[in-house]
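>>> got a sequence here, can you build the structure:
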Amino acid sequence: MPLAFFVAIALVKAGASYTIASMKIERIDLYHISMPLVSPFGTSFGTQSQRDSLVLALHSAGLTGWGECVATNDPGYSYETAVTAWHILSDFLIPSVLGRDLGEPEEMIGWLTAVRGHPLAKAALDQAAWDITSQRDGLSFAQKLAQPYPEGPKARVNVGVSIGLQPTIAATLQVIEEKLGEGYGRIKLKIKPGRDIELARAARQAFPGVPLMLDANSAYTLDDVALFQAMDDLDLLMLEQPLGHEDIYDHSRLRPQIQTPLCLDESITSFDHARFAQAIAACDIINIKPARVSGWTEARRIHDLGRAAGLPLWIGGMLETGIGRAAQLALASLPGITLPGDISATSRYYEHDIATPFFLNAADSTIDVPNGLGLGIEVDGARLKEVTLREKSFVKRET
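Residues are numbered from 1 along each chain as shown. Model (predicted):
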């Protein structure tokens, strides 16, 4: 590593304020990976048993920053897939950043504006920028992200578990019992039309004191108001994104008709959408998914908006590997994140991950936030090679 890197670490440890000058982005390696899930994960738009995604490594000054693009096999949750994200990254986004001088991570998102949309692809580069600049500055990802806040990042964050649609109600109750036994303190159940109120009632009856929430993944309309009103006596933590995935307005019409707190997920694709939702009282809670909003730079802006407005916030999950999970934990450590997130232990989804595994603190349903430099993880190169379907390196060609 360059001498300046060690000088920076020494100065930071001594309490000095020091930041190395900008870093030239020398090379980016892109990997399309495919990994089996521990068990199938079902939602209102389908079931996954194998998860494709992309990871990338950004190289500069002897350091490597890692990012994960959570676009997966099909365009159910998002119009992006691993295949389309590969195209957008390799043909447009990566060429637009190669050879540039990166000073602070917030600069990255501005370099990507020529491409409209494709937030999941952009988020991978944004994450890598935060990782590598954190390492450069002798900070953890969480410390770098929390620099504006005097209280700094939390050392551990509260988490819950998301349970996909099961074959029967009895099977769902069994999975809930298993997850509570593992130490998870908050349960989220996926629902869809025809598999909703009876499931929710059975879960509440079986587990009367457990924080319970429902996630509809945009499967309903305003015609279903009576159904949601029937859920009001179940003491739910929240009802997540019941209406259209792009909708804000109809949620503002639904909210005053129900007592259950209403959470927006899919329709919050940017700071502006969060601002619109807050302005018209479309929700009580916001689920921030950094990948859905083009990365951690935009996610932190939404965090600041929600914190100032008194909106409860939490961090959603997208079945990430340890690379994406570490960055999620950093975001969840910010002071405005007040509700348990969907950042389960590694074993929830993968038997053998490509990065350092994360473990649940069963006594209090928390996970420790990595405190090493950058993401604070080690990428298992051998495992990455095993699960890689294709890879490509990008280097700026001098003209």
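
>>> where do the helices sit along the stretch 51-200 of the chain?
Along the stretch 51-200 of the chain, the stretches classed as helices by DSSP state H, counting those that start in this stretch are 82-88, 94-97, 106-111, 119-136, 141-145, 169-182, 197-206.

>>> with only the CA atoms kept, save the longest one in PDB.
What it means is helix 119-136. What follows is helix 119-136, C-alpha atoms only, in PDB (Å, rounded to 0.1, in the frame of the first residue of the first chain):
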ATOM      1  CA  PRO A 119     -30.400   2.500  -9.400                       C
ATOM      2  CA  LEU A 120     -29.300  -1.000  -8.500                       C
ATOM      3  CA  ALA A 121     -26.400  -0.800 -10.900                       C
ATOM      4  CA  LYS A 122     -25.400   2.600  -9.800                       C
ATOM      5  CA  ALA A 123     -25.500   1.600  -6.100                       C
ATOM      6  CA  ALA A 124     -22.700  -0.900  -6.700                       C
ATOM      7  CA  LEU A 125     -20.300   1.800  -7.700                       C
ATOM      8  CA  ASP A 126     -21.500   4.100  -5.000                       C
ATOM      9  CA  GLN A 127     -20.900   1.400  -2.400                       C
ATOM     10  CA  ALA A 128     -17.400   0.700  -3.700                       C
ATOM     11  CA  ALA A 129     -16.600   4.500  -3.600                       C
ATOM     12  CA  TRP A 130     -17.700   4.600   0.100                       C
ATOM     13  CA  ASP A 131     -15.600   1.500   0.900                       C
ATOM     14  CA  ILE A 132     -12.400   2.600  -0.700                       C
ATOM     15  CA  THR A 133     -12.500   6.200   0.600                       C
ATOM     16  CA  SER A 134     -13.200   4.900   4.100                       C
ATOM     17  CA  GLN A 135     -10.100   2.700   3.900                       C
ATOM     18  CA  ARG A 136      -8.100   5.600   2.600                       C
END
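
>>> Phe228: which of the helices of the stretch 51-200 of the chain is closest?
When the helices of the stretch 51-200 of the chain are compared by C-beta to C-beta, helix 197-206 sits nearest Phe228, at 9.2 Å. In short, each C-beta sits where N, CA and C put it, glycine included.

>>> tell me the angle of that closest one relative to helix 169-182?
40 degrees (axes from the mean of the first three to the mean of the last three C-alpha atoms, to 10 degrees).

>>> now helix 197-206: average pLDDT?
In this model, helix 197-206 has a mean pLDDT of 98.

>>> tell me which residues in it are buried?
Residues 199-200, 203-204 are the ones in helix 197-206 that count as buried (16 or more other C-beta atoms under 10 Å).

>>> counting contacts, what elements does it pack onto?
With contacts taken as 3 or more C-beta pairs under 8 Å, 6 or more residues apart in numbering; DSSP states H and E, helix 197-206 sits against helix 169-182, strand 187-190, strand 212-215.

>>> need the contact partners of the longest one.
Spelled out, it's helix 169-182. 161, 163, 165-166, 187, 189, 198-199, 202-203, 206-207, 210, 360, 362 (C-beta atoms under 8 Å, 6 or more residues apart in numbering).

>>> what's the farthest-apart pair in the buried residues of helix 197-206?
Leu199 and Arg204 (9.8 Å).

>>> figure out which of the helices of the stretch 51-200 of the chain is closest to Asp233.
Nearest to Asp233, of all those, is helix 197-206, at 8.9 Å by C-beta to C-beta.

>>> contact partners of the closest one?
In contact with helix 197-206 (C-beta under 8 Å, 6+ apart) are residues 169, 172-173, 176-177, 187, 189, 191, 212, 214, 227, 230-231, 234-236.

>>> with stretch 274-287 instead?
238, 240-241, 248-249, 251-252, 255, 261-265, 267-268, 302, 305-306, 309, 311-316, 339.

>>> which of these fall within helices?
249, 251-252, 302, 305-306, 309 (DSSP state H).

>>> thinking again about what came up before, just send the helices of the stretch 51-200 of the chain back as a markdown table, with distance to Leu37 too.
Compiled in a markdown table, these are given as follows (distance: least, C-beta to C-beta, whole Å):
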| stretch | distance to Leu37 |
| --- | --- |
| helix 82-88 | 15 |
| helix 94-97 | 28 |
| helix 106-111 | 30 |
| helix 119-136 | 19 |
| helix 141-145 | 25 |
| helix 169-182 | 14 |
| helix 197-206 | 22 |
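
>>> on that earlier part again, quick one, which of the contacts of stretch 274-287 are buried?
Judged by 16+ other C-beta under 10 Å, buried ones among those: 238, 240-241, 248, 251-252, 255, 261-265, 267-268, 302, 305-306, 311-316, 339.

>>> stretch 263-281: end-to-end distance?
This stretch, stretch 263-281, spans 11 Å end to end (C-alpha to C-alpha, to the nearest Å).

>>> quick one: buried residues of that stretch?
Buried-residue list, stretch 263-281, by 16+ other C-beta under 10 Å: 263-269, 271, 273-274, 276-278.
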